[in-house]
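Engineer: give me coordinates for this.
(chains A, B, C and D)
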Number of protein chains: 2
Amino acid sequence: MGVIERREREREEVRRKILDAARELFMTEGYEKVTMRRIADAIEYSATTIYNHFEDKDDLVQALCHEDFARLFEHLQAQPAPSDPIQAIRQLGLAYAAFGTSYPNHYRFMFMTPAKFEHPEDRDTSPGEQAFGLLRAAVEWAIASGHFPEGDADTIAQALWASMHGVVALLITLPPNFWPHGPVRPDLVAQVVDAGIRGFAVAPARAAL
Amino acid sequence: MGVIERREREREEVRRKILDAARELFMTEGYEKVTMRRIADAIEYSATTIYNHFEDKDDLVQALCHEDFARLFEHLQAQPAPSDPIQAIRQLGLAYAAFGTSYPNHYRFMFMTPAKFEHPEDRDTSPGEQAFGLLRAAVEWAIASGHFPEGDADTIAQALWASMHGVVALLITLPPNFWPHGPVRPDLVAQVVDAGIRGFAVAPARAAL
DNA sequence: TCCTATACTTAACGTTGTTAACCGCATGAG
DNA sequence: CTCATGCGGTTAACAACGTTAAGTATAGGA
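Structural biologist: Model (predicted):
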C-alpha cells in the first residue's frame, strides 16, 4: 500500500518546484517581486496551487529562507575550529557577514522584517538560534580561557551579534557610495568585529588580536 | 498682488494636513498601513489630491521622516556637550538609540529600507548626514585628545554607527522575548556603545570608561 | 465678458495576495 | 464492477493597493 507514500512524494515534488522557482525570483529580484502568479508561471501551475502547499506568501518565503540558512550554518559549523576562542569569534563574525552580504534578500527577510511571531515551538531548533549558539559557545570559551572577563555570556553574545548585524544591515541597505562622509572602506566588517572583540576582551587578549 | 502668496499659503496648508494625517497613521500603524485613500479620508480630500503635493507615496513618507529626523537632531545638537569626548560619543549613541526605538517606523523607513538613490544634491544637508557629522566630530575629538589612537576617523565613526544601528534595528524588529537564548537585557544598548568605545580606545581611555 | 491656469474629483487601470466554487481523476469500499 | 469520496488542481472573482487619465469648477487677469 505504498500509494500514500507516492502521493507524499509527488506532493513534495511540487513543493520543491515552488520553492526553487521562488528562490530564483527571490535571490535575483527580492521579496516584492516574488509574486504568486510569477511563481505559478515559472512552474506551469496555477497560482492557487501554491496555497495547497504553503499557507501564504510569507510562509513560502519563510520556508525558503529556513532552508538556505540551515545550509549556511551547516557549512559554518563544518569549518575548522581555530584553537583560539578570539579567532573563533572573529571567524564566526566574518563568515556571518559574508553570508549576509551574499544573500541580502534572505538576510533582509529573516532579520530586518518583523516576523509573525509564529511557531514558538520550533524556535529552539531554528537555524538562527543554532547559529547564535555557536557564537555563544565561543564567548563562553573566551570567558573560560580568561580572554573575556567573567560575566553574562548571553548578553555579550547578543551585543556582538547586534554589532555584526548592524554592518551587514547597513551594507545591504545603503549603496556603498551613499554612506555618510564618503564611501565605505572594504575592511569595515573586520573593523567592527575586531572592535567588538577588543571591547569585551581583557587587556592581554586585546594585545593578542 | 499678494494673491500668489496666499495661494502658496493655502497650498502649504493642505500639504501640512496631508503630512500630519500621514504621520498619525505612520507612527501608529507603520508604512504599509499609510494608504493614500486612508490619508484622503482623514483629511476629507480625494486620494489623487495627494499627488498634487507629493510625487508618490515614498516621496510623502520621505518628507515626513525628513521633518521628524531634523527635529530630533536639532534636539540632539542642543544637548549639553560633555567635556569628555568619550562621554560625548556615549551620549550620542544612547540618544540615537533612544530615538530609533521611540520612532521605530521612522527609523525603519530611513535606515532599513533601500531608498531610491534620489536627490544626491541635498545629501550633504540631510539630517542623517548631519547627525553622522556630530559623531564624526566626537571621534576626531577623541583622537585629538589621545583617547582614540591616530587613524581614519571616518571609518571609526562608521563602525560605531553600524554597531548602534545593529542594536536599534534588532530591537525594533525582534520582539524582546524572541531574542536567541532568552530575552534581551535592558542595558544591551549601553553594553554595545560601551564595547564599541572600548574597542577603539587606547588603554587609558578604556579604564576611564 | 471671456480665457486660462489651477486645485480638485471621478473613474478607471493594472497589480497584488487571497478565497470560493467547481472539476476530474484515482482510490478504496461495497 | 460500481460508486462515493477525497484530494490536487483550475477558473473566476474579490478587495485593496498605488497611480494615471480625463473632466470640472472656480478664481484671476486681460
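
Engineer: switch to C-alpha atoms for all contacts and neighbour counts from now on
Structural biologist: Will do.

Engineer: now do the helices in chain A.
Structural biologist: For chain A, applying DSSP state H gives helices covering A:3-29, A:36-43, A:57-78, A:85-102, A:104-111, A:127-144, A:153-173, A:188-200, A:203-208.

Engineer: and for the closest residue to A:Val184 other than its chain neighbours, the neighbour number?
Structural biologist: The shortest distance from A:Val184 to any non-neighbouring residue, by C-alpha to C-alpha, 6 or more residues apart in numbering or on different chains, is to A:Pro176 (5.9 Å). A count of nearby residues for A:Pro176, using other C-alpha atoms under 10 Å in any protein chain shown, gives 15.

Engineer: same check, this time on A:Ala88
Structural biologist: 21.

Engineer: please report how far the nearest residue in space to it that is not next to it in sequence lies from B:Ala131.
Structural biologist: In space, and not counting its chain neighbours, A:Ala88 is closest to A:Pro82: 5.7 Å by C-alpha to C-alpha, 6+ apart. Counting by C-alpha to C-alpha, to the nearest Å, the gap from A:Pro82 to B:Ala131 is 40 Å.

Engineer: same question for A:Ala159.
Structural biologist: For A:Ala159, the distance to B:Ala131 - C-alpha to C-alpha - is 23 Å.

Engineer: how close does A:Trp161 sit to A:Val167?
Structural biologist: From A:Trp161 to A:Val167 the distance is 10 Å (C-alpha to C-alpha).

Engineer: neighbour count for these two, which is higher?
Structural biologist: A:Val167 (29 against 23).

Engineer: which residue packs closest to the residue in chain A positioned nearest to chain B, ignoring adjacent ones?
Structural biologist: Nearest to chain B, among the residues of chain A, is A:Gly166, at 3.3 Å (C-alpha to the nearest C-alpha). Sequence neighbours aside, B:Gly166 is the residue nearest to A:Gly166 in space, at 3.3 Å (criterion: C-alpha to C-alpha, 6+ apart).

Engineer: which residues touch the one you found?
Structural biologist: Contact analysis of B:Gly166 by C-alpha atoms under 8 Å, 6 or more residues apart in numbering or on different chains lists A:Ala162, A:Ser163, A:Met164, A:His165, A:Gly166, A:Val167, A:Ala169.

Engineer: show me which of those residues is closest to DNA strand D.
Structural biologist: A:Ala169 (24.7 Å; C-alpha to the nearest atom of the strand).

Engineer: show the pLDDT at the closest residue to A:Cys65 other than its chain neighbours.
Structural biologist: In space, and not counting its chain neighbours, A:Cys65 is closest to A:His106: 5.8 Å by C-alpha to C-alpha, 6+ apart. As predicted, A:His106 sits at a pLDDT of 96.

Engineer: then A:His75?
Structural biologist: 80.

Engineer: alongside chain B, which residues does chain A contribute?
Structural biologist: Within chain A, the positions near chain B by C-alpha under 8 Å from any C-alpha of the partner chain are A:111-115, A:128-129, A:132-133, A:154-156, A:158-160, A:162-167, A:169-170, A:173-174, A:180-181, A:184-185, A:188, A:191-192, A:194-200.

Engineer: where does pLDDT dip in chain A?
Structural biologist: For chain A, the stretches flagged by pLDDT under 70 are A:1-3, A:117-121, A:204-209.
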